[in-house]
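K.L.:
Coordinates for the following, if possible.
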Amino acid sequence: MDLEGLLQRGWNALIQLKGLELPELPEGSTPAIGDQPSATSVIDAAIQHCGERESVFRRTTLERFVFEHELGVQGFEAIEGAIANSPELIRVADGKFTTQTALNLMNCPASLAC
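P.N.:
Numbers count the residues shown, from 1 in each chain. Next comes the predicted model:
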């Protein structure tokens, strides 16, 4: 017996032993490929989130947001490409970024409330 079959038998035995019943699997609940956000929109949301909290943030902070909120929606290569091609991100040093929005706010006099 293969490992998967052995694990399945073990789970089934435990379920019976505990007197549990598994719910029916929902049908048609898997989102269609066209319903998933693009890597660019996922990165835009991550940039907005990170930029609201800090004016300078790490690349890993962007990646963490993506994987915590959109796990499995986009591949790592697509996410990295969207980060590299984002017009909003400005690389400052050592894997850190700021945004054009943050720079605009810093350059705006407080009296003008840009």
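
K.L.:
State the pLDDT value of residue 84.
P.N.:
Per-residue confidence (pLDDT) for residue 84: 93.

K.L.:
Show me the shaky parts of this structure.
P.N.:
1, 25-26, 28-35, 109-114 (pLDDT under 70).

K.L.:
where do the strands sit along it?
P.N.:
57-58, 89-93, 96-99 (DSSP state E).

K.L.:
Out of the ones you listed, which gets nearest to residue 50?
P.N.:
Closest to residue 50 of the strands of the chain is strand 57-58 (CB to CB; 4.5 Å). Any C-beta I mention is one placed from the backbone N, CA and C, and that applies to glycine too.

K.L.:
Just list what the closest one packs against, helices and strands only.
P.N.:
Strand 57-58 sits against strand 96-99, with contacts defined as 3 or more CB pairs under 8 Å, 6 or more residues apart in numbering; DSSP states H and E.

K.L.:
tell me, what residue is most central in this protein?
P.N.:
Relative to the mean C-alpha position of the chain, the nearest C-alpha, by CA atoms, centre = their mean, is the one of residue 66, at 1.6 Å.

K.L.:
That one contacts residue 41, correct?
P.N.:
No: assessed by CB atoms under 8 Å, residue 66 is found out of contact with residue 41, at 10.9 Å.

K.L.:
Just list the residues touching the residue of the chain positioned farthest from its centre, thanks.
P.N.:
Taking CA atoms, centre = their mean, the residue of the chain most remote from its mean C-alpha position is residue 17, at 38.4 Å. Listed by CB atoms under 8 Å, 6 or more residues apart in numbering, the contact set of residue 17 is empty.

K.L.:
Quick check: it vs residue 102, distance?
P.N.:
57 Å (CB to CB, to the nearest Å).
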